[in-house]
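# sharing a model that was predicted from the sequence below.
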Amino acid sequence: QVVLVESGGGLVQAGGSLRLSCASSARTFSRNTMGWFRQAPGKEREFVSMISRSGASTNYADSVKARFTISRDNIKNTVYLQMDSLKPEDTAVYYCAARTGPMSNIAHDYEYWGQGTQVTVSS
């Protein structure tokens, strides 16, 4: 069983920045593809970003490309999401997810999920 714990959410004005962290309990963290997803009220959960096991490959949703940056530290068992130039439409609960397979932007492909952290961007 893998436990994921997100932190770093909060309230920020439009144009501001936040850095989300996700700490993993996995002993084999470096074997997990990691992803970030988000869910706004009344909407489906959507893909935000993902990173390969080594960190060499990343992928982003078009809506966050060039504003968000995903990274990971396989020594600290942590994945990060740096969010810059935030917009009100980025408001959502952000979830960290892990899977043992290759990179995927499909939520159902991920076996483990964190509890989520709220990000609210005011206009």
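Okay, I see it.
# hey, let's count contacts and neighbours off CA atoms from now on
OK.
# is V93 in a bridge, and if so with what?
Counting by DSSP bridges, V93 is bridged to Q39, Q118.
# read off the pLDDT value for it.
pLDDT for V93: 98.
# ok, it - contacts?
Taking C-alpha atoms under 8 Å, 6 or more residues apart in numbering as the criterion, V93 is in contact with R38, Q39, A40, G116, T117, Q118, V119.
# so the first one sits right up against S49, yeah?
Right, R38. No: if you go by C-alpha atoms under 8 Å, R38 and S49 don't touch, sitting 9.7 Å apart.
# looking at those two, which is more packed in?
S49 (25 against 22; other C-alpha atoms under 10 Å).
# what helix or strand does that one sit in?
Assignment of secondary structure by DSSP states H and E places S49 within strand 46-51.
# not counting whatever helix or strand comes next after that strand itself, show me its contacts.
For strand 46-51, the succeeding helix or strand toward the C-terminus, using DSSP H and E, is strand 58-60. Strand 58-60 has contacts (C-alpha under 8 Å, 6+ apart) with V48, S49, M50, I51, S52, F68, I70.
# ok, of those, which one's closest to G15?
Nearest to G15 among the contacts of strand 58-60: F68, at 12.3 Å, using C-alpha to C-alpha.
# how near is the nearest residue to the closest one once chain neighbours are set aside to H108?
Nearest residue to F68 in three dimensions, chain neighbours excluded: M83, at 4.5 Å (C-alpha to C-alpha, 6 or more residues apart in numbering). For M83, the distance to H108 equals 24 Å [C-alpha to C-alpha, to the nearest Å].
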